[in-house]
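Chemist: output the structure for:
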Amino acid sequence: MKGPASESGEYYRSSRIQLEGAEAPRTISFEIRNLPGGDYDVRGALID
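Modeler: Residues are numbered from 1 along each chain as shown. Prediction:
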């Protein structure tokens, strides 16, 4: 499972994407729409 997240001082959003083991694509793109203006920390994590 992959968990992308975006965070600023007043905003947080995250989601989870189920990966299919060895059959999962090597790269995944995602888009976060309608973000308020500002600086963000964007992270991704693989969760077992």
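
Chemist: quick one, phi psi at G21?
Modeler: Main-chain torsions, G21, degrees, to the nearest 10: phi 60, psi -140.

Chemist: quick one: strands adjacent to whichever helix or strand S6 is part of?
Modeler: Taking DSSP states H and E as the criterion, S6 maps to strand 5-7. Its sheet considered, strand 5-7 pairs with strand 12-14 (antiparallel), strand 41-43 (antiparallel) by DSSP bridges.

Chemist: what about D48, distance to E23?
Modeler: Look at D48 and E23: by CB to CB, to the nearest Å, they are 17 Å apart. Bear in mind the C-beta positions are built from the backbone N, C-alpha and C, glycine included.

Chemist: which residues make contact with the worst-scoring helix or strand of the chain on mean pLDDT from outside it?
Modeler: The helix or strand of the chain with the poorest confidence is strand 5-7; it has a mean of 74 (mean pLDDT, DSSP states H and E). Contacts to strand 5-7, defined as CB atoms under 8 Å, 6 or more residues apart in numbering, come from residues 12-15, 32, 35, 40-45.

Chemist: most neighbours among these, please name it.
Modeler: When neighbours are counted by other CB atoms under 10 Å, Y40 leads the contacts of strand 5-7 with 17 neighbours.

Chemist: does it touch S8 like I think?
Modeler: Yes. The criterion here is CB atoms under 8 Å, and Y40 meets it with S8 at 4.9 Å.

Chemist: is it true that I32 touches R13?
Modeler: Yes. If you go by CB under 8 Å, I32 and R13 touch, sitting 6.3 Å apart.

Chemist: count of neighbours near R33?
Modeler: Residue neighbour count, defined by other CB under 10 Å, stands at 4 for R33.

Chemist: wait, what's in contact with it?
Modeler: By CB under 8 Å, 6+ apart, R33 has no neighbours at all.

Chemist: and it, how far is that from E23?
Modeler: 28 Å.

Chemist: what's the neighbour count on E10?
Modeler: 7.

Chemist: element containing it, please.
Modeler: Here E10 is assigned to no helix or strand, by DSSP H and E.
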